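>>> return atomic coordinates for the entry below.
(2 chains)
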Protein chains: 2
Amino acid sequence: MNVSIIKIGGNVIDFPEKLDEFLELFAQFPGKKILVHGGGVMASKFGESMGVMPQMIDGRRITDKDTLEIVTMVYAGLINKQIVAKLQGLDQNALGMTGADANLIQSRKRPVKSIDYGYVGDIENVNIDFLQNLLDEDIVPVVCAITHDKKGQLLNTNADSIASEIATSLSKKMTVNLYFCFNKAGVLIDEKNDSSIIPLINEDIYAELKKENVIHSGMIPKLDNAFAALNKGVNHVWIGKAENLLFAAKGKVSGTNIETHKYDLY
Amino acid sequence: MNVSIIKIGGNVIDFPEKLDEFLELFAQFPGKKILVHGGGVMASKFGESMGVMPQMIDGRRITDKDTLEIVTMVYAGLINKQIVAKLQGLDQNALGMTGADANLIQSRKRPVKSIDYGYVGDIENVNIDFLQNLLDEDIVPVVCAITHDKKGQLLNTNADSIASEIATSLSKKMTVNLYFCFNKAGVLIDEKNDSSIIPLINEDIYAELKKENVIHSGMIPKLDNAFAALNKGVNHVWIGKAENLLFAAKGKVSGTNIETHKYDLY
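Presented below is the predicted three-dimensional model:
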């Protein structure tokens, strides 16, 4: 069995028209598929309207009790259910879930070291049997960025990590392709120029681009995440814009493909 | 197969300690089961904190666009996912759902007559095959009071109606017992006295009690709902307090049992 795991972020979710456009593309995306989403910007906006300000330490978001309530409402409620209803309208049999539902993703509250991140979970286990049952029934799981500790506590969890962990877990049973949609056309030589896209990155190229500081800051965890997934058995990782997803599915160059192959340059 | 459908309302949901107590009872409840919940009071509270005031016409709530967003966040997000996580902590394999998820409950936006109720849905169809699959896998569905029209629109839907419609639909395939938990010990002769409980009501007794004005106002739609479910094939309906649910499961008198049997008084 083949399955595609597609992760979308704020640049798609935060704009109703963009989300609608994306969901129409997603509905046309061939084969078995799983959608993973976050929604941080919308959660911050709702939080502020309720007097709960985003708390950051060293540029990283802290999830206190109030923030956890808000992300639960916004990710698992508002965003997840609007996506599910719209996909149902497009004849996609979507089922929205957090990691708590059917014990899909069990995580551990991040231990307090120099920073107390609060109610943040690091993933420990993915219930691949349940996911496989859903895929067998042609259900499209729509998974939001919340997990649980199996002791009654919900935990805020990075959506990129959820996509990667689902991908690596399922890769034990099937061929998995992982697509990260973000606000750029791919990994870029010049981050202000969408046409400076690097079509293919392997580990050697990645090392070189990091050394030359072409790849830096926020792209590094994204690519580390991608290579980790490939090294754990994921077939293929793609990074690019949501609107190019169908080109990517057809194998056309439309973003950055991440690979672990070595190229023989001699 | 036997299945119990248990509906809880605001008097359980709105108080964290009561909810925890209830969920421990629910975890002990024997056999296959489905939990149905609303959460109107909490939704009103959150709405007010965001400047969205409850709108009522003739004592009935109107669901405008903002209200729909809030109930989606509160019912499907906050309440549903906290319940699911807590049940998972009690080793119940809960799966939280709206009617949009896996097309569980399809409804139709209520037509505008004298009152425009807004985004309110009247139930048209329940996906009993999917529910049966979940029950077969020992999953505990936790269903909140939101449905959809299968055209992309979420709709606010009465939780009592959801419980009844799931019950009557499933009764085509299995034996269904339906439990409505509310803020009184059952149907009472004197509504201020919890010990004046009427242990059994059939249609004759109901007609008599309505005539004598013992049963009036809010109890009438509840009982009409109960009799409608029985007449459509539900095995047994119980109305009482959440804390008496386990007694009810054991067949002890602990609330009001609704039956369609005629008693031969001659």
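>>> need the residues that contact stretch A:221-236.
Outside of stretch A:221-236, the residues within contact range by C-beta atoms under 8 Å, 6 or more residues apart in numbering or on different chains are A:160-161, A:164, A:167-168, A:171-172, A:175-178, A:180, A:182, A:187, A:201, A:203, A:206, A:215, A:237, A:239, A:257-260. Backbone N, C-alpha and C define where each C-beta goes, glycine included.
>>> what do you get if the cut-off is 7 Å, keeping everything else the same?
When contacts are defined by C-beta atoms under 7 Å, 6 or more residues apart in numbering or on different chains, stretch A:221-236 is touched by residues A:160, A:164, A:167-168, A:171-172, A:175-178, A:180, A:203, A:206, A:215, A:237, A:239, A:257-258, A:260.
>>> following the helix or strand encompassing residue A:66, which helix or strand shows up next?
Element membership for residue A:66, per DSSP states H and E: helix A:65-71. Reading on from helix A:65-71 to the C-terminus, the next helix or strand found by DSSP H and E is helix A:80-89.
>>> what angle do that next one and helix B:80-89 make?
100 degrees (axes from the mean of the first three to the mean of the last three C-alpha atoms, to 10 degrees).
>>> how far does the helix or strand just after helix A:80-89 sit from the chain's center?
As assigned by DSSP H and E, the chain's next helix or strand after helix A:80-89 is strand A:94-97. Mean-position distance between strand A:94-97 and its chain equals 15 Å (C-alpha atoms, centre = their mean, to the nearest Å).
>>> so what touches strand A:94-97?
Residues from elsewhere that reach strand A:94-97 (C-beta under 7 Å, 6+ apart): A:80-81, A:83-84, A:87-88, A:104, A:134, A:139-143, B:101-102.
>>> which one of these is nearest to residue A:65?
Within the contacts of strand A:94-97, the smallest distance to residue A:65 is 20.8 Å, found for residue A:80 (C-beta to C-beta).
>>> need the contact list for the nearest residue to residue A:100 once chain neighbours are set aside.
Nearest residue to residue A:100, sequence neighbours excluded (C-beta to C-beta, 6 or more residues apart in numbering or on different chains): residue A:148, at 3.8 Å. Going by C-beta under 7 Å, 6+ apart, residue A:148 touches A:99-100, A:106-107, A:154-155, B:85, B:88.
>>> quick check, pLDDT for the residue lying closest to residue A:70 once chain neighbours are set aside.
Sequence neighbours aside, residue A:47 is the residue nearest to residue A:70 in space, at 4.5 Å (criterion: C-beta to C-beta, 6+ apart). For residue A:47, the pLDDT comes out at 89.
>>> so residue A:47 sits against residue A:55, correct?
No. Here residue A:47 does not reach residue A:55: they are 9.8 Å apart, not a contact under C-beta atoms under 7 Å.
>>> what's the burial count for residue A:188?
18 (other C-beta atoms under 10 Å in any protein chain shown).
>>> quick check: mean pLDDT of the helix or strand residue A:5 falls within?
Using DSSP H and E, residue A:5 sits within strand A:2-8. Across strand A:2-8, pLDDT averages out at 97.
>>> who does that strand pair up with?
If you go by DSSP bridges, strand A:2-8 pairs up with strand A:32-37 (parallel), strand A:175-181 (parallel).
>>> so which residues of chain A form strands?
Remark: strands assigned in chain A by DSSP state E are A:2-8, A:32-37, A:55-57, A:60-62, A:94-97, A:105-109, A:121-126, A:140-144, A:146-148, A:154-156, A:175-181, A:200-201, A:236-240, A:256-258.
>>> how about the residues of chain A by chain B?
Counting by C-beta under 7 Å from any C-beta of the partner chain, the residues of chain A close to chain B are A:49-50, A:69, A:72-74, A:76-78, A:81-82, A:84-86, A:88-89, A:93, A:95-96, A:98, A:100-103, A:139, A:146, A:148, A:150-154.
>>> now, of those, which are buried?
A:69, A:72-74, A:76-78, A:81-82, A:84-86, A:88-89, A:93, A:95-96, A:98, A:100-103, A:139, A:146, A:148, A:150, A:152-154 (16 or more other C-beta atoms under 10 Å in any protein chain shown).
>>> from residue B:120, how far off is the residue of chain A found nearest chain B?
Nearest residue of chain A to chain B: residue A:77, at 2.4 Å (C-beta to the nearest C-beta). Distance from residue A:77 to residue B:120, counting by C-beta to C-beta, to the nearest Å: 18 Å.
>>> likewise residue A:249?
For residue A:249, the distance to residue B:120 equals 39 Å [C-beta to C-beta].
>>> okay, residue A:207: pLDDT?
We have a pLDDT of 93 for residue A:207.
>>> likewise for residue A:39?
89.
>>> that one against residue A:72, yeah?
No. Using C-beta under 7 Å as the test, residue A:39 is too far from residue A:72 to be in contact (10.9 Å).
>>> so, low pLDDT: which residues of the stretch 51-200 of chain A?
The stretch 51-200 of chain A contains residues with pLDDT under 70 at A:59.
>>> and with 90 instead?
By pLDDT under 90, the weakly predicted segments of the stretch 51-200 of chain A are A:51-61, A:114, A:183, A:190-195.
>>> that older thread, the helix holding residue A:66 - contacts with which helices or strands?
Here helix A:65-71 touches helix A:40-49, strand A:154-156, going by 3 or more C-beta pairs under 7 Å, 6 or more residues apart in numbering or on different chains; DSSP states H and E.
>>> deepest of these, which one?
strand A:154-156 (a mean of 28; mean count of other C-beta atoms under 10 Å in any protein chain shown).
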